[in-house]
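Novice: I would like the atomic coordinates for the input below:
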Amino acid sequence: MTPFDLTILIAYFLLVFGVAWWVTVRDRRAGAGKGAADYFLAGRNTGWFVIGASLFASNIGSEHVVGLVGAGARGHMPNAQFEILASLILILLGWVFVPFYLKSGVFTMPEFLERRYSPAARTYLSVISVLGYVLTKIAVTIFAGALVFEVLGVPFWQGAILVVLATGIYTMLGGLRAVIYTDMLQLFILLGGAIAMTAFGLKTLGGWGAMMQTLEQSGPGESTRFLSLWRPASDPNYPWTGMLFGAPILGVWYWCTDQF
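Specialist: Numbering: from 1, shown residues only. Sure, this is the predicted structure:
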């Protein structure tokens with residue numbers, strides 16, 4: 001890792017923690033952040049842009065930057081369907097689910113299941129969700145984040161511990177409001193990094209045309225197949241039937257009911 005890389009990394013962490021600290025101090029001076037609704041739900045009064053930025057940044061993590069991008073480079077472009085579908089599912093969230101959640105006054109999905117069914121339903125969803133996330137999503141996110149640090153010369157386990165500590169500290173520091181404001185900051189970092197990475201990647205390949213020519217050398221029509229978002233029903237990974245009928249079910253769960 002060069003001194004310049006280290007400087008950028010330190011500046012990033014200082015900026016993230018600075019935003020979290022600013023939000024925390026501001027809330028304390030205003031008398032906010034003292035109740036459960038303030039800590040866990042940001043007082044239920046956050047603006048639309050901040051919420052939208054947080055949704056975007058929370059969805060795009062290290063598993064996307066490392067894993068999803070790598071899958072697309074290997075020809076798994078139908079993965080993009082899940083992100084395209086999100087734009088439609090979020091409309092459903094805003095017009096159907098969120099008004100219902102606000103009216104019910106619940107804090108969490110397990111709490112809603114308890115009111116609707118029984119305490120056993122609440123416990124079941126909580127246990128299944130926590131186990132599933134610890135064994136799948138959280139593990140993948142930490143692993144992918146640690147790989148990024150490893151590229152910068154930081155040992156894998158040190159990078160993994162740093163990811164956990166960094167996110168845990170500013171989350172506990174200011175609650176959900178600190179999380180969504182740091183997410184808003186990271187939205188611009190993610191978009192700027194993605195645009196720069198795309199530009200540098202295409203420049204290295206010699207431009208879009210050179211990339212298409214390279215794909216065509218693998219076989220006739222390969223460039224079209226590579227960029228296609230729809231695959232035949234016989235495709236072992238992304239059949240169009242599964243993407244059309246199965247992905248929306250996953251999308252409703254992920255965007256409208258999954259808060260863990």
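Novice: what sits closest to the residue nearest to the spatial centre of the chain if chain neighbours are left out?
Specialist: In the chain, the centroid-proximal residue (Cα atoms, centre = their mean) is N59; its distance is 1.9 Å. Counting by Cβ to Cβ, 6 or more residues apart in numbering, A86 is the residue found nearest to N59 once chain neighbours are left out, at 7.1 Å. C-beta coordinates here come from the backbone N, C-alpha and C atoms, glycine included.
Novice: all strands for the stretch 1-150 of the chain, in order.
Specialist: Under the criterion DSSP state E, counting those that start in this stretch, the stretch 1-150 of the chain carries no strands.
Novice: point out where it drops to low pLDDT.
Specialist: 1, 30-44, 62-63, 140-142, 144-150 (pLDDT under 70).
Novice: got the contact list for I51?
Specialist: By Cβ atoms under 8 Å, 6 or more residues apart in numbering, the contact list for I51 reads I180.
Novice: again, but for F200
Specialist: Under the criterion of Cβ under 8 Å, 6+ apart, F200 has no neighbours.
Novice: same thing with the one 5 residues further on?
Specialist: Under the criterion of Cβ under 8 Å, 6+ apart, the contact list for L205 reads M211, T214.
Novice: and it, what's its pLDDT?
Specialist: According to the prediction, L205 has pLDDT 85.
Novice: and W230, how far is that from M211?
Specialist: 21 Å (Cβ to Cβ, to the nearest Å).
Novice: the more surrounded of the two?
Specialist: M211 (16 against 13; other Cβ atoms under 10 Å).
Novice: just the mean pLDDT for the host helix or strand of the more buried one, thanks.
Specialist: Assigned by DSSP states H and E, M211 belongs to helix 208-216. For helix 208-216, mean pLDDT rounds to 84.
Novice: can you list contacts of it?
Specialist: The contact list for helix 208-216, computed with Cβ under 8 Å, 6+ apart, reads L202, L205, E222, S223, F226.
Novice: any idea how far the helix or strand following that helix is from the chain center?
Specialist: Toward the C-terminal end, the helix or strand that comes next after helix 208-216 (DSSP H and E) is helix 222-227. Relative to its parent chain, helix 222-227 has a centroid offset of 27 Å by Cα atoms, centre = their mean, to the nearest Å.
Novice: buried sites along helix 222-227?
Specialist: S223, F226 (16 or more other Cβ atoms under 10 Å).
Novice: who touches it?
Specialist: G75, M77, M212, L215, E216.
Novice: got the angle between the helix or strand harbouring T198 and helix 208-216?
Specialist: Assigned by DSSP H and E, T198 belongs to helix 156-205. Inter-element angle recorded for helix 156-205 and helix 208-216: 100 degrees (by axes from the mean of the first three to the mean of the last three Cα atoms, to 10 degrees).
Novice: rewinding a little: just checking, the residue nearest to N59 touches W255?
Specialist: Yes. Here A86 reaches W255: they are 6.1 Å apart, a contact under Cβ atoms under 8 Å.
Novice: just to revisit the earlier point, among the contacts of helix 222-227, the buried ones, what's the ChimeraX command?
Specialist: A single ChimeraX command selects the buried members of the contacts of helix 222-227 (16+ other Cβ under 10 Å):
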select :77,212,215
